[in-house]
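Undergrad: Quick one: sequence plus predicted model below, questions after.
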Amino acid sequence: MTERLPVLETFSLLAHMPDALRPVLAAAVVLAGYVVFRLAWRFVLTPIAGRVSSGLNNTLVASSDRPVRVLYWGVGLFIVSRLSLAALPEEWTSCRRVMTDGPFVLLLVTALAAVFALMKGFERWYVGRAGAGPVAAGRRSFVIVGRRFLKLSFFFIAGVMLLDYYGVKITALLGAAGIASLAVAFAAQETLANIIAGVAIIADQPFRVGDRIELADGRIGDVKDIGLRSTKILSFDSTLLIVPNSEIIKSPVVNHSYPDSRVKIRHPLGVAYGTDIDKARKIIFDVLAGIDIVLNDPRPAVFFTDFGDSSLNLLVVFWIEDYNDRFLVIDRFNSGVDTAFRENGVEIPFPQRDVWIRRTA
């Protein structure tokens, strides 16, 4: 005779056991299983996850510890309640209904909690890989938006399962939901456009939190927050600009912080007609050499661009390490050039007009 496995023996014992004793044995099995489950979780799964170099498994195990425990008890209660139904009299309809529906709802809620805990742990691990700074902020925004959409999807699936469990026909509800969604889309199309644009900005990352950007209308500021509906930009005069995402995504945006914080400055400068251009170039290079935040690589350059109405026009090009120093370096450069030109007799012209008055007899 073939020897039965212990698990099969347990099921055989339950099948031949009186109805009143089945819930008791099932509860004992659930309690014993919980002890084994906790020992395996603590002494087997957690050490194995801790040895993984990426840290993902360790984070997922730590974040899902309590939700998985609750889920275990939800499954155990569901099993015990199902076995207890046979021991209840048929006339106890209310009690049988509670023991049927309550564990199912609890099981559904605990399963959602476990899934959400795993999603939260993945978000914490993913953002933590980038550390602090604008990159982490961009990743955090992207993952948070993704987690919100997934949560809504899981809530929808759980709602459909719950309605189907209670025998509610969801076909008509889905049709009504489609019509309602269409009406909402027409009524809130601008808001939806901003949300879609916000998701696109977070996913594509043309700029990140902390970047200095220039909008199409010439406004410049530092990005403080990228939301689903709008982007908040702090201008130089400490004015917070709240710009709808749909306006940003359909217009050109200059990112002064990407790919790095270095910035090239193109500064026009005019000298009077008759000025020695080589002498003016040497003076400009000397002024740039005296400014410590001007980079030597790439080297500064001075170009003679064109003959203006009142001046010989030059274009001074140089680099600085940090775009935040843009106005500071321009101020120091203009002050230095003004002093050096005065000392060396180089004139900076201004528009002049000769007016002739004709007298008539």
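TA: Noted; the coordinates are in hand.

Undergrad: Within the helices and strands, which one has Thr231?
TA: Using DSSP states H and E, Thr231 maps to strand 230-235.

Undergrad: and that strand, what does it pack onto?
TA: Packing partners of strand 230-235 (3 or more Cβ pairs under 8 Å, 6 or more residues apart in numbering; DSSP states H and E): helix 189-204, strand 220-226, strand 240-244, helix 245-249. Where C-beta positions appear, they are placed from N, C-alpha and C, glycine not excepted.

Undergrad: and the angle for the first one with strand 240-244?
TA: The reference is to helix 189-204. 110 degrees (axes from the mean of the first three to the mean of the last three Cα atoms, to 10 degrees).

Undergrad: can you pull the buried residues of helix 189-204?
TA: Ala193, Asn194, Ile195, Ala197, Gly198, Val199, Ile201, Ile202 (16 or more other Cβ atoms under 10 Å).

Undergrad: What of the second one?
TA: Along strand 220-226, the positions that meet the burial threshold by neighbour count (16+ other Cβ under 10 Å) are Ile220, Gly221, Asp222, Val223, Ile226.

Undergrad: Likewise for the third one?
TA: Judged by neighbour count using 16+ other Cβ under 10 Å, the buried positions of strand 240-244 are Leu241, Val243, Pro244.

Undergrad: Pull the residues that contact it.
TA: 190, 194, 197, 215, 219, 221, 224, 229-235 (Cβ atoms under 8 Å, 6 or more residues apart in numbering).

Undergrad: okay if I get those residues as TSV plus distance to Val329 and pLDDT?
TA: Converted to TSV, these look like this (distance: Cβ to Cβ, whole Å; pLDDT from 0 to 100):
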residue	distance to Val329	pLDDT
Glu190	41	77
Asn194	37	80
Ala197	35	83
Leu215	23	89
Arg219	21	88
Gly221	19	89
Lys224	24	88
Arg229	37	82
Ser230	32	87
Thr231	28	89
Lys232	27	91
Ile233	23	92
Leu234	21	91
Ser235	20	88
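
Undergrad: count of neighbours near Phe333?
TA: Residues lying near Phe333 (other Cβ atoms under 10 Å) number 21.

Undergrad: okay but it is in contact with Val287, surely?
TA: Yes - contact status for Phe333 versus Val287: in contact at 6.3 Å, counting by Cβ atoms under 8 Å.

Undergrad: Strands of the chain, start to end?
TA: Under the criterion DSSP state E, strands of the chain are mapped to 212-214, 220-226, 230-235, 240-244, 254-255, 263-271, 301-307, 312-320.

Undergrad: Please name whichever of these is nearest to Pro351.
TA: With Cβ to Cβ as the measure, strand 263-271 is the member of the strands of the chain nearest Pro351 (10.3 Å).

Undergrad: can you tell me the average pLDDT over that closest one?
TA: For strand 263-271, the mean pLDDT works out to 90.

Undergrad: how far does it sit from the chain's center?
TA: 37 Å (Cα atoms, centre = their mean, to the nearest Å).
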